[in-house]
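In: Attaching a predicted model along with its sequence, questions to come.
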Amino acid sequence: IGAATLGEAEIMGGAGIPGVLVTSPVIGDNKIDALMVLNQRANGLMQTVDSLENLRKLDAAAGQAGKVLNVVADVDVGLHRTGAASVAEAVALVQAMVAAKNVNYSGVQGYAGQIMHIEDFAERRATNIAHTKPLNDTCAELAELNLTPALVSGAGTGTYDIDAELGVMTEMQTGSYVVMDVEYRDVHCNGNRDWLFEPALFVRATVVSANHNGHATIDAGLKCFATDGPLPGLAAGAPIGSSYSFFGDEHGRIAFAQANERLALGDAVECIVPHCDPTINLHDFYHCVRGDILVDIWPVDARGLH
């Protein structure tokens, strides 16, 4: 299980899920202390590291806590967000992990989030091959030093099929495929075939005003959806050809394709979320349905946790 934040890892590891990988560096004394507490009770916890300075602090903290911490070297594969900036720096980081007393070198990571939403498949594949090269080269150099990584983690929903073909990753940090969203719906698959994964996450809204021709107002606006990507899509409840636009913090506008179309007060409209991860973080619960039957309600335990 990949967890982008320590807070998410605390939820996952605390629930008994083994082998949680924290995919971002944990920096700062308070967070490092919390990481050591989690390491005491989480089975097989792994922490990503991208600098010698952070590695030294984690090694010292693990020594004080009395339990070895599994660490994974992060390699920058073109996103320039985290990761060792060169192959040489990545190899040096791994060598320092091996030399340290209180950490266990567990593998390497290279996550290319900048590639996941390139819509054209051929462009996405070519970009992924080019940007994955630093990770490939790092693994090759480590193999020559008899430091072949047991774990090579990366990829994502947008490149899962490409990375499977390339054969570099031993595991994939795919997540969005579980629920999908508008961003991934617009990404083209190989041969323009349909995705293997269907949208499963929706925001259900209600028509609260229908006084004007050409549109209706629903109670789902900026506070209901992530706003860093495309607009929400319409899955059900609105006339074919209708479109969504933001209508304020609490409201959305459903524009009709035909002038004579209407929605009535109280009508339900189901929206496909634009970007699943940050949209989920805006809500307290999933309402799980099969057809029209509500079968369970799940709390979003990791909401707001950093």
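Out: Now that the structure is in, tell me what you want to look at.

In: Give me the below-cutoff pLDDT ranges for the stretch 1-150 of the chain.
Out: For the stretch 1-150 of the chain, no stretch has pLDDT under 70.

In: hey, where'd the strands end up in it?
Out: Here the stretch 1-150 of the chain has its strands, by DSSP state E, counting those that start in this stretch, at 2-3, 21-22, 46-49, 69-74, 103-110.

In: what lines up beside the first one in the sheet?
Out: Based on DSSP bridges, the strands next to strand 2-3 in the sheet, each with its direction, are strand 21-22 (parallel).

In: As TSV, the strands of the stretch 1-150 of the chain with mean neighbour count would be great.
Out: Any C-beta I mention is one placed from the backbone N, CA and C, and that applies to glycine too. TSV is the format used below for these (neighbours: other CB atoms under 10 Å):
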stretch	mean neighbour count
strand 2-3	23
strand 21-22	26
strand 46-49	27
strand 69-74	25
strand 103-110	24
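
In: tell me the contacts of residue 3?
Out: Contacts for residue 3 were tallied using CB atoms under 8 Å, 6 or more residues apart in numbering; they are 9, 11-12, 20-23.

In: For residue 152, state which of the residues you listed is nearest.
Out: Relative to residue 152, the closest of the contacts of residue 3 is residue 21; by CB to CB it sits at 11.8 Å.

In: which non-adjacent residue is nearest residue 83?
Out: residue 76 (3.2 Å; CB to CB, 6 or more residues apart in numbering).

In: Can you get me a residue count around that neighbour?
Out: 22 (other CB atoms under 10 Å).

In: Next: residue 161.
Out: Using other CB under 10 Å, residue 161 has 15 other residues around it.

In: Now the element after the strand or helix carrying it, going C-ward?
Out: Secondary structure assignment for residue 161, by DSSP states H and E: helix 160-166. Going down the chain from helix 160-166, the next helix or strand is strand 171-172, by DSSP H and E.

In: closest to residue 224 among the contacts of residue 3?
Out: Nearest member of these to residue 224, counting by CB to CB, is residue 11, at 22.8 Å.

In: Take the contacts of residue 3 and lay them out in CSV including distance to residue 153.
Out: Below are the contacts of residue 3 laid out as CSV (distance: CB to CB, whole Å):
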residue, distance to residue 153
9, 14
11, 20
12, 15
20, 12
21, 6
22, 11
23, 8
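
In: Out of these, who's the most crowded?
Out: residue 9 (30 neighbours).

In: so what's that residue closest to, chain neighbours aside?
Out: residue 3 (4.0 Å).

In: what's around residue 127, how many residues?
Out: Residue 127 has 18 neighbours, counted by other CB under 10 Å.

In: Pull the residues that contact stretch 214-229.
Out: 181-183, 203, 205-210, 232, 246-256, 259, 262-263, 267, 269, 271, 273-279, 282-283.

In: Just the ones in strands from those residues, please.
Out: Using DSSP state E, the subset of the contacts of stretch 214-229 located in strands is 203, 205-209, 246, 252-255, 269, 271.

In: Now do the residue nearest the centre of the chain against residue 78, distance only.
Out: The residue lying closest to the centre of the chain (CA atoms, centre = their mean) is residue 175, at 5.7 Å. Between residue 175 and residue 78 the distance is 20 Å, computed by CB to CB, to the nearest Å.

In: Give the buried residues for stretch 150-168.
Out: Neighbour-count burial for stretch 150-168 flags 151-160, 162-163, 168 (criterion: 16 or more other CB atoms under 10 Å).

In: can you check stretch 177-188 too?
Out: For stretch 177-188, using 16+ other CB under 10 Å, the buried residues are 177, 179-184, 187.

In: Next, count neighbours for residue 300.
Out: 15.

In: right, and it touches residue 283 too?
Out: Yes: contact criterion CB atoms under 8 Å: residue 300 and residue 283 qualify, at 6.0 Å.

In: Please render the strands of the stretch 1-150 of the chain as a markdown table that adds distance to residue 38 to the earlier fields.
Out: Shown next, in a markdown table, are the strands of the stretch 1-150 of the chain (distance: least, CB to CB, whole Å):
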| stretch | distance to residue 38 |
| --- | --- |
| strand 2-3 | 10 |
| strand 21-22 | 9 |
| strand 46-49 | 9 |
| strand 69-74 | 10 |
| strand 103-110 | 15 |
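
In: just so I know, which of those lies nearest residue 238?
Out: Of the strands of the stretch 1-150 of the chain, nearest to residue 238 by CB to CB is strand 2-3, at 35.1 Å.

In: Tell me the gap between that closest one and the middle of its chain.
Out: Strand 2-3 sits 8 Å away from the centroid of its parent chain (CA atoms, centre = their mean, to the nearest Å).

In: Alright, calling it a day.
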